[in-house]
Each structure stands twice: as C-alpha cells, then as structure tokens.
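> give me coordinates for this.
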Amino acid sequence: MSEKQVNQIIGKVFNQLADTLISGEYGQKPRIGITAIGSEHGEDNIIEAALNASKSSIETIVIGTKDIDGIESSIVKSEAEAHKRMDLLLESKKIDAAVTMHYPFPIGVSTVGKVITPGKGKEMFIATTTGTSSTDKVEGMVKNAIYGIITAKACGIKNPTVGILNVDGARQTEIALKKLQSQGYDINFASSQRSDGGSVMRGNDLLMGSADVMVMDSLTGNLMIKIFSSYTTGGNYESLGYGYGPGIGENFKKLILIISRASGAPLIEGAIKFAAKLVKGNCIEIAKNEFNKANNAGLKDILSGLKSSKKSEVEEIKAPSKEVVTFQISGIEIMDLEDAVKLLWKEGIYAESGMGCTGPIILVNEEKTNEAIKILSKAEYIAKEQTDC
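Purely as a prediction, here's the structure:
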C-alpha cells in the first residue's frame, strides 16, 4: 500500500470520528447518488438539494454535467449516460442507493411514496405511486400493501397501520389481505376516522393520515403524490414531501427512488434523506424477510385464487343476437365489468355494460333478469339483486 493510500485511509477515519462527535452517529455514511439531468427546474435545483442533504451525515454523489465544490461529482454528458453511470455505481457498491427522475422497473416492482398529510402534518406512505406491481389491479394492490409495510418498517415503524383507499378493487383487496392475515402474516389494519370506521379509507383519511400505509393502485397513487407534493404551489413545483419513493418487489435488490421532473430542491433533499433512511434501516433485508413471511402464509395461493384467474375463460366469447336491454344490474366492480358481460354471453344472454347512478352496471333484457342475476351471483360478480335507480 502506498503512502498516499495510507494517508487517505487515515483521513477517512478522522473524518468519520469528527462526524461522530458532531452528529452522535458512528459508522459509514450512506452514499446516495442522484441524477441531475432532466429536471424541469434545472440542474442547479438538484445540486442545491444535494448540498443541503450532505449536511445531514449523508454522502451525496451528483451525476450530471457540472463539477461541484463541496460534494462528489460524476460527470456525464446526457441523461442516458447518467442512468448508465447510476446503474454502474449501484452494481459496484460505490453508492448504496440512487434517486432519479425515471427508471424502467420490471413488472412486479412499484414505488412507495412518502408524503406529509396536511390535516395533522403526519408522514404517510402511499403504496404505490409508479411502476406496475401486477397487470391485475387487485393482485397489484395486495402486493402494494406488502411493499408499503416493507418501506414503513425500513423507516423505523415496527408495526405500521395499513389502510386501503376506497377505489375500485378495495373490497377484494381487503378480503385477500384479511385472509393472508388469518393465515399467519401480521397486518395491523388501520381504522377510518369517519364514524363508520373500517380499514377501507375515505378521502378525509388521506388528509388526516389515518394510516401509516395507504394502499391503492399506482395510477391513483401517482395522482395523490403529485397533489400532496404541490398543492401549495399550483402544480408546477413539487415542494413538499419525499417523492415517489423506492421501487419494491420480490427479488429486486436495488434501492432506486423516483422523483418527478417537477420536484423542487426541498422535496429532492427529502428524497435523498428518505433514501439514506432506507439504507440505514436495511430495506433490502427487510423486504426479503417480509416476502418470506407472506409466502409462508400462502400469499401466492391467495393471489392465484383471485377472480382474475378465471377471466381468461370468457375472453373469446362472441355476443349472442342483440336484444333490447332495459334492466340494470349493479354492484359490480369496474374491473370485472367486461368479463361479467362476456360470462352472460357465454350462457346465451345478450348483455351490455354501462354506468348507472351508483356506478358500473350490466344491462339485460327484462325477461332474462332473474337468470342473469343467478349466473352473476354464482360467479361472485355480484353479491345480491339490486334494482334500478
């Protein structure tokens, strides 16, 4: 070992000791890389956030076009090159996690965001905000609940409360998660702050932060994270919170967090600190343990048993001869609507889909009503007969 290398090691040790005296924390600082090219507010916006985050026992590495005084820079010429460099730094373990403005996560991986709720200033995890946990909505939301639990635990919440936002598929998601709970996977369900309670959350609960983890589909989560992040600025500058969060998925072993191109420096600083917290909380190991526990409780069997598994049976069915349809059958999940129509076609009943006063409906000929209801009820597309508005 050369004299220069020895001096570098000694210098690093003394720097760590100095940091320990200042911060009270001992050990290697989390090393967080951030890509700086592509922000709608310019590269300096990212640099400002990285400089501020570096004051909090975090080593930030800015991957961009500028050499920056005070923090480490990794110089690239384009956004595509920045992502290649980011992946290289992650694979070589030169950074522990990365923050970037987009990433092609594989199917099965989606991001868990973190916001500050306006009602009580409480932090809340939104599961999930980008990516695709599954091509089936309910299966995706069940997985999202686990992804949210993983992220919350990695951030130091030992037994996070879980709520399910009242979107399409919420009730099916609740049934699947409660079955998983009954088979041994520990889920601490939240209760709505509304008078009727329950683990299915209302819009009010979003504002109050009634659950540590709020489960929803990624498209809804994407809207929520944008609104929570920029409701004070009019939308073009995301100033509050921590961004779209880490990509979580079974066997995905990289810590990559997403922010919007509209993110401002305060939010980006929050995202870098979010990444550092996940590194310190050993998020990858927690994910491995949680997936093992969920799988041991029968997660895969529950997912395969969801209604989506039988949908392929009716995909190629052709419609019977057209009839006048005037009777409305309601109480059907929007995601099941077209498949329920095709099931009736298969049984020789002409049906059409539509939207009624209470949501999605199936229209059938009045003379075929009782038969149609029996078929749909047996297939668990509806719970009971419902009449016109």
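> excluding chain neighbours, give the residue nearest to F274 in space.
Nearest residue to F274 in three dimensions, chain neighbours excluded: Y242, at 4.2 Å (C-beta to C-beta, 6 or more residues apart in numbering). Bear in mind the C-beta positions are built from the backbone N, C-alpha and C, glycine included.
> what is the burial count for that neighbour?
The local packing of Y242 (other C-beta atoms under 10 Å) involves 26 other residues.
> let me see the contact set for it.
G113, K114, V115, L267, G270, A271, K273, F274 (C-beta atoms under 8 Å, 6 or more residues apart in numbering).
> from memory the first one sits against S218, does it?
Pointing back at G113 there. No - between G113 and S218 there is no contact under C-beta atoms under 8 Å: 10.1 Å.
> doesn't V325 belong to a strand?
No - counting by DSSP: H, G, I helix; E, B strand; the rest coil, V325 is not part of a strand but coil.
> hang on, the earlier thing: nearest to E352, of the contacts of Y242?
G113 (38.3 Å; C-beta to C-beta).
> list the helices and strands whatever helix or strand the closest one lives in packs on?
Applying DSSP states H and E as the criterion places G113 in strand 109-116. Secondary-structure packing of strand 109-116 (3 or more C-beta pairs under 8 Å, 6 or more residues apart in numbering; DSSP states H and E): strand 123-132, helix 137-154, helix 218-230, strand 245-248.
> highest average neighbour count across these?
strand 245-248 (a mean of 30; mean count of other C-beta atoms under 10 Å).
> pairing partners for that one, with directions?
Its sheet considered, strand 245-248 pairs with strand 109-116 (antiparallel), strand 256-258 (antiparallel) by DSSP bridges.
> of all these, which lies closest to G203?
Smallest distance to G203 across these (C-beta to C-beta): 14.2 Å, for strand 109-116.
> about what we covered before: out of the strands paired with strand 245-248, which one sits most buried?
Greatest average neighbour count among the strands paired with strand 245-248 goes to strand 109-116 (a mean of 26), per mean count of other C-beta under 10 Å.
> please work out the average pLDDT along that strand.
Mean per-residue pLDDT for strand 109-116: 96.
> OK, contacts around K55?
Not one residue lies near K55 by C-beta under 8 Å, 6+ apart.
> and it, what pLDDT?
92.
> ok, for S199, nearest residue in space, not its chain neighbours?
F189 (4.1 Å).
> identify the bridge partners of that neighbour.
Under DSSP bridges, the beta-bridge partners of F189 are V162.
> in contact with it, which residues?
Applying C-beta under 8 Å, 6+ apart, the residues contacting F189 are T161, V162, G163, L177, K178, Q181, S199.
> just the buried members of those residues?
T161, V162, G163, L177, S199 (16 or more other C-beta atoms under 10 Å).
> for the third one, give its distance to D217.
Okay, so that is G163. Relative to D217, G163 is positioned 14 Å away (C-beta to C-beta, to the nearest Å).
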